[in-house]
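> I would like to see how this sequence folds:
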Amino acid sequence: MKEALRRAEGSSSLTSEALAHTPSAPPPPAATDVLTRWSQLLQVLRRTLPREQFETWFRRATLAEVRDDVLLLAVQNTFARDWLANYYRDAIEDAAREVLGTPHRIEFVVSPELAAGARAQFSSVDDEARASDAAAADAADTAARGPGALGPAALAGAVRGTPAEARTREPVRTLSPSSDVVLNPSYRFDNFVVGPCNRFAHAAAVGVSEAPGKAYNPFFLHGSVGLGKTHLLQSLCYALLERDAQTNILFLSCETFVNHFIAALENGDLQKFRSKYRNVDVLVVDDIHILANKERTQEEFFHTFNALHSAGKQIVLSSDSPPKDIPTLQGRLVSRFKWGLVTEIEQPCYETRMAILKRKSRERGSELPDEVARLLAERIDTNIRELEGSVTKILGYAALARAPVSPELAREALRELFTVRHGAPSLDDLMRELTEHFNVKPADLQSRRRTNAVAYPRQVGMYIARRITRMSLEEIGGFFGGRDHSTVLYAIQKIENLVREDAGLGEQIRQLEQRIRSTVS
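Just a heads-up that it's a prediction; the model follows:
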């Protein structure tokens, strides 16, 4: 992979500055023509690539320029550029030949600004295609699958050639004795369930493990609690140790770094402190956001960072938020944290949740029935740890009760999850607020109309209904005009993506949800 990345660096990379100064021989197509061609390319790529790969790698890309026989694609960072150049160049060239009728060479430019503006167009193309085939695909999948089989998304993207049982190998060598972490043998790349929510983060971590201290330094991983950051960080460390048992890895929490620094100040041992942190091959700091509001510790970490980075040592950081959102973090630290690769691990989608449930049950020596996995995947949509805990609890309950695992047993074992909350808003409460907020009629939201003026409020309603009630996807779909669960799931995922990508829109939806919740005391 390192050689492939070097080839990509040399042959397909242009900086934003180079793009600005490239001679413009014939006049380029109008901006609208470029957008139209990119939409056509996306439609072909969506048809020819697995859905998870398409969503992961093309959501943050766009066509920047068409010149003679060259298509210039803008991507958000060097990692995306390298990955697309090495693994998707042929697919893009084939799509270009189909759309434009002639061969075109594909080149890439790193431009976060252009890439950020691409999401709306990607969503438009993806929405149109997915809305037309969601119901048909769901019906065909249900008919084709036998009992106990995973759905196509889980098979295509959730698990990448991993063994059925989690391997529990002992590490080749332990971490530095100064680490406050003990590696968990079950945290490996080969048993990490990969889906659209985490594919980029997983690929980035693998890339770092294969070329530490090179292109992606530092590697900054951020996301909410319970989404798999710890699994990825420990997998990265295991991979490094398996490649070279002599790698000196210091893995600790930011809180430990802060405490060690305070103790060094009090005891006059700063030289010893600095020697410990600056003479390692890899420094992994978990929860780096704890540096917030700690000015002197930030100063010390700044110099530690510089010493390691200038020596070509790998720095790996994790946080619950991206660098720019860590309160009172010095601007120069924010800048340095963004030198390498900043990537997010997102909430798991439905297919990934299903795959996680299936894998965790197999690791515990059982096979979770499909109907139970679906039940849990619908209820638990934000936290992987909660998914894993539910599997453990259900299997333990079944063993004690000497009963087979069934939806009824799952509801009994997880009573607190399935109990209807007292005073929760009803769907009628939701409908009243929706119609007032969007100025539509209830009959429109429950009709078969699919114009954006009706479809968008309906999708928001399905999203909020899933969050404030304990109703199943089928029940929510029934309320909104008899729609099936796949339509509801698609609506929820679409609004989740919009909330994640558009802070202003997300705040509007949160305020609407709060008004609905406040209708019941």
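
> and the nearest residue to residue 301 once chain neighbours are set aside, what does it touch?
Excluding the flanking residues, the one nearest residue 301 by Cβ to Cβ, 6 or more residues apart in numbering is residue 291, at 6.3 Å. In short, each C-beta sits where N, CA and C put it, glycine included. Shown in contact with residue 291 (Cβ atoms under 8 Å, 6 or more residues apart in numbering): 254, 258, 297-298, 301, 326, 329, 333.

> I'd like to know how far residue 291 sits from residue 358.
38 Å (Cβ to Cβ, to the nearest Å).

> same thing with residue 218?
34 Å.

> just checking, what packs against the one helix or strand residue 513 maps to?
Using DSSP states H and E, residue 513 sits in helix 503-517. Helix 503-517 makes packing contacts with helix 427-438, helix 452-468, helix 485-501 when contacts are defined by 3 or more Cβ pairs under 8 Å, 6 or more residues apart in numbering; DSSP states H and E.

> So what's the residue count around residue 458?
Neighbourhood size, residue 458 [other Cβ atoms under 10 Å]: 24.

> I'd guessed it sits against residue 445; true?
Yes - in this structure residue 458 lies within contact range of residue 445 using Cβ atoms under 8 Å: 5.0 Å.

> shared neighbours, the two?
Joint contacts of residue 458 and residue 445 (Cβ under 8 Å, 6+ apart) are residue 480.

> any idea which helix or strand comes after the helix or strand harbouring residue 80?
For residue 80, the element it lies in under DSSP H and E is helix 78-87. For helix 78-87, the following helix or strand on the C-terminal side (DSSP H and E) is helix 89-100.

> outside of that next one, which residues touch it?
For helix 89-100, with Cβ under 8 Å, 6+ apart as the criterion, the contacting residues are 12, 37, 40-41, 44-45, 48-49, 71, 73, 84, 103-106.

> Helix 78-87 and that helix, what's the angle between them?
Angle, helix 89-100 to helix 78-87, by axes from the mean of the first three to the mean of the last three Cα atoms, to 10 degrees: 80 degrees.

> dump the residue contacts of residue 104.
Residue 104 touches 66, 69-71, 93, 96-97, counting by Cβ under 8 Å, 6+ apart.

> same thing but 10 Å
Contact analysis of residue 104 by Cβ atoms under 10 Å, 6 or more residues apart in numbering lists 66-71, 92-93, 95-97.

> pLDDT score assigned to it?
We have a pLDDT of 91 for residue 104.

> Turn the contacts of residue 104 into a markdown table, columns for neighbour count and distance to residue 516.
Converted to a markdown table, those look like this (neighbours: other Cβ atoms under 10 Å; distance: Cβ to Cβ, whole Å):
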| residue | neighbour count | distance to residue 516 |
| --- | --- | --- |
| 66 | 18 | 47 |
| 67 | 18 | 51 |
| 68 | 9 | 55 |
| 69 | 11 | 54 |
| 70 | 12 | 51 |
| 71 | 24 | 46 |
| 92 | 22 | 44 |
| 93 | 15 | 49 |
| 95 | 24 | 43 |
| 96 | 24 | 47 |
| 97 | 13 | 50 |
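
> so which of those residues comes closest to residue 345?
residue 92 (26.0 Å; Cβ to Cβ).

> wait, doesn't residue 507 sit right on residue 499?
Yes - when contacts are counted by Cβ atoms under 10 Å, residue 507 is listed as touching residue 499 (9.0 Å).

> neighbour count winner among those two?
residue 499 (17 against 11).

> just to revisit the earlier point, write the ChimeraX selection for whichever of the contacts of helix 89-100 are buried.
Remark: buried members of the contacts of helix 89-100, expressed as a ChimeraX selection using 16 or more other Cβ atoms under 10 Å:
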select :12,37,40,41,44,45,49,71,73,84,104,106
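
> Residue 348: which of the contacts of helix 89-100 is nearest?
residue 49 (20.6 Å).

> how far does stretch 273-291 stretch from start to finish?
17 Å (Cα to Cα, to the nearest Å).

> from the chain's centre, how far out does that stretch sit?
25 Å (Cα atoms, centre = their mean, to the nearest Å).

> Could you give me the buried positions within that stretch?
For stretch 273-291, a neighbour-count test (16+ other Cβ under 10 Å) marks 273-274, 276-278, 280-291 as buried.

> Report the rounded mean pLDDT for it.
Mean predicted confidence for stretch 273-291 is 93.

> cool, stretch 326-345 as well?
pLDDT averaged over stretch 326-345 gives 90.

> Endpoints of it, how far apart?
17 Å.

> Please parse this protein into its domains.
Following automatic domain parsing, one finds the domains of the chain at 2-126, 189-344, 350-418, 427-517.

> can these go into TSV with extra columns for distance to residue 182?
What follows is these, written out as TSV (distance: least, Cβ to Cβ, whole Å):
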stretch	distance to residue 182
domain 2-126	29
domain 189-344	9
domain 350-418	18
domain 427-517	33
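
> closest one to residue 175 among these?
domain 189-344 (5.0 Å).

> so what does the host helix or strand of residue 39 touch, helix or strand wise?
Using DSSP H and E, residue 39 sits in helix 31-48. If you count contacts as 3 or more Cβ pairs under 10 Å, 6 or more residues apart in numbering; DSSP states H and E, helix 31-48 packs onto helix 51-58, strand 62-67, strand 70-75, helix 89-100, helix 119-144.
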